[in-house]
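Undergrad: this one's structure only:
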């Protein structure tokens, strides 16, 4: 096993005390000359010294680890969000653990326990579908109350109001999609939804239907098909919506829109000429797919920045010992909720 250099080794090579090395490397106020600081830097480089985070955590009471729990890491939106959250964390000296709940409440509970036991400083949680179902809010709240570090709910805002949360206005996103298609002269419009038992999917559908009906048009429930936010869901929904006489369709994420377009191509149909397709997320270009699609954008960059900003401020407050509530959970005593605004991105379909 390779030898791991210690603070004592760095101090010996630099010709200073261990205390001086510790103060300089931890950027603490200290009267240390420029020459000694340069000697310490050279010793660190020479010895390939890497700080022992476990030892540092005992002193600072921080692990410099945060966790992001996602329902489905294979979902392009959640994968892109994880990358953006990692960038935000790294910029502040934190490392990110990404964990996948498989949209299972049981798995989510186990992850919350496991990650807490590892001493993470905070958790960003996208609740599992089961945790977002009607009547499940109280149980999720109890799960979060048992966590010993700040928790921020992200993306799925069904439970916001009792815990810090940040996400997009899905109702508005659904309305934007419907209004775009209505303005294009379409009257018979289909929708491929996620699981409407989960609030973000339900809100997109509700905003979409409300906009159609408020425009004086009639929404046909037969043109509403669940696609479970997956490529195959969009693909298999296409026949029903096309054969139902729709001239346009709103797919509630870009991945389902890809599946829908694939089935259209197999049937010899063309986007725009034969049927207008609008997606949701504006995520495809991040993965080099090169497909231009009209879509409702919810920026993963903005979501990650807002989520980390909220969590980071709570972690800092805990470190300072500020604002502890009677329940011992300052982040539950005065919840912060931030709702971001989606926007329509119009692009020629390739």
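TA: It's in. Predicted, not measured: the structure shown is a model, and the values here were computed from it.

Undergrad: Show me what residue 152 is bridged to.
TA: Assessed by DSSP bridges, residue 152 has beta-bridge partners residue 124.

Undergrad: thought it was touching residue 167?
TA: No: assessed by C-beta atoms under 8 Å, residue 152 is found out of contact with residue 167, at 10.2 Å. Placement of C-beta: from N, CA and C, glycine included.

Undergrad: Just want to know which of these two has more residues nearby.
TA: residue 152 (28 against 23; other C-beta atoms under 10 Å).

Undergrad: Contacts only, for residue 217.
TA: 182, 187 (C-beta atoms under 8 Å, 6 or more residues apart in numbering).

Undergrad: Surely it forms part of a strand?
TA: No: counting by DSSP: H, G, I helix; E, B strand; the rest coil, residue 217 falls outside a strand, being coil.

Undergrad: Quickly note the distance from it to residue 211.
TA: Applying C-beta to C-beta, to the nearest Å, the value for residue 217 to residue 211 is 9 Å.

Undergrad: joint contacts of those two?
TA: Shared contacts of residue 217 and residue 211, defined by C-beta under 8 Å, 6+ apart, comprise residue 182.

Undergrad: mind listing the helices in the stretch 101-250 of the chain by residue range?
TA: With DSSP state H, counting those that start in this stretch as the criterion, the stretch 101-250 of the chain has helices at 105-117, 129-132, 137-145, 170-183, 199-214, 231-243.

Undergrad: Mean pLDDT and distance to residue 88 for the ones you listed - can I get that in a markdown table?
TA: Formatted as a markdown table, those follow (pLDDT from 0 to 100; distance: least, C-beta to C-beta, whole Å):
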| stretch | mean pLDDT | distance to residue 88 |
| --- | --- | --- |
| helix 105-117 | 92 | 18 |
| helix 129-132 | 83 | 24 |
| helix 137-145 | 86 | 21 |
| helix 170-183 | 97 | 22 |
| helix 199-214 | 94 | 22 |
| helix 231-243 | 97 | 28 |
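
Undergrad: Kindly present the ones you listed as TSV, with separate columns for distance to residue 318 and mean neighbour count.
TA: TSV is the format used below for these (distance: least, C-beta to C-beta, whole Å; neighbours: other C-beta atoms under 10 Å):
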stretch	distance to residue 318	mean neighbour count
helix 105-117	14	17
helix 129-132	24	24
helix 137-145	15	16
helix 170-183	31	23
helix 199-214	29	21
helix 231-243	41	20
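
Undergrad: how about JSON lines for those, with distance to residue 190 added?
TA: Shown next, in JSON lines, are the helices of the stretch 101-250 of the chain (distance: least, C-beta to C-beta, whole Å):
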{"stretch": "helix 105-117", "distance to residue 190": "31"}
{"stretch": "helix 129-132", "distance to residue 190": "23"}
{"stretch": "helix 137-145", "distance to residue 190": "31"}
{"stretch": "helix 170-183", "distance to residue 190": "10"}
{"stretch": "helix 199-214", "distance to residue 190": "10"}
{"stretch": "helix 231-243", "distance to residue 190": "4"}
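
Undergrad: For residue 330, which of these is the nearest?
TA: Among the helices of the stretch 101-250 of the chain, helix 137-145 comes nearest to residue 330, with 12.3 Å by C-beta to C-beta.

Undergrad: quick one: contacts of that closest one?
TA: Identification of contacts with helix 137-145 by C-beta under 8 Å, 6+ apart yields 105, 108-109, 112, 125, 127, 131, 151, 158-159, 162-163, 327, 329, 332.

Undergrad: Return the closest of the residues you listed with respect to residue 271.
TA: residue 158 (32.7 Å).

Undergrad: give the contact list for residue 32.
TA: Counting by C-beta under 8 Å, 6+ apart, residue 32 touches 16, 20, 23, 24.

Undergrad: any idea how far residue 131 is from the third one?
TA: Distance check for residue 23 against residue 131: by C-beta to C-beta, it reads 45 Å.

Undergrad: got it, and the first one?
TA: Applying C-beta to C-beta, one obtains 53 Å for the distance of residue 16 from residue 131.

Undergrad: One more: the second one?
TA: Computed with C-beta to C-beta, the distance linking residue 20 and residue 131 is 50 Å.

Undergrad: The last one too?
TA: Relative to residue 131, residue 24 is positioned 46 Å away (criterion: C-beta to C-beta).

Undergrad: Low-confidence ranges, this protein, go.
TA: Under the criterion pLDDT under 70, the flagged ranges of the chain are 1-3, 51-62, 134-136, 158-160, 290, 322-328, 348-350.

Undergrad: Excluding chain neighbours, give the residue nearest to residue 36 in space.
TA: Leaving aside its sequence neighbours, residue 36 sits nearest to residue 16 (C-beta to C-beta, 6 or more residues apart in numbering; 5.5 Å).

Undergrad: ok, now which ones touch that neighbour?
TA: Residues in contact with residue 16 (C-beta under 8 Å, 6+ apart) are 32, 36, 39, 40.

Undergrad: What subset of those is buried?
TA: Listed as buried from the contacts of residue 16 are 32, 36, 39, 40; burial here means 16 or more other C-beta atoms under 10 Å.
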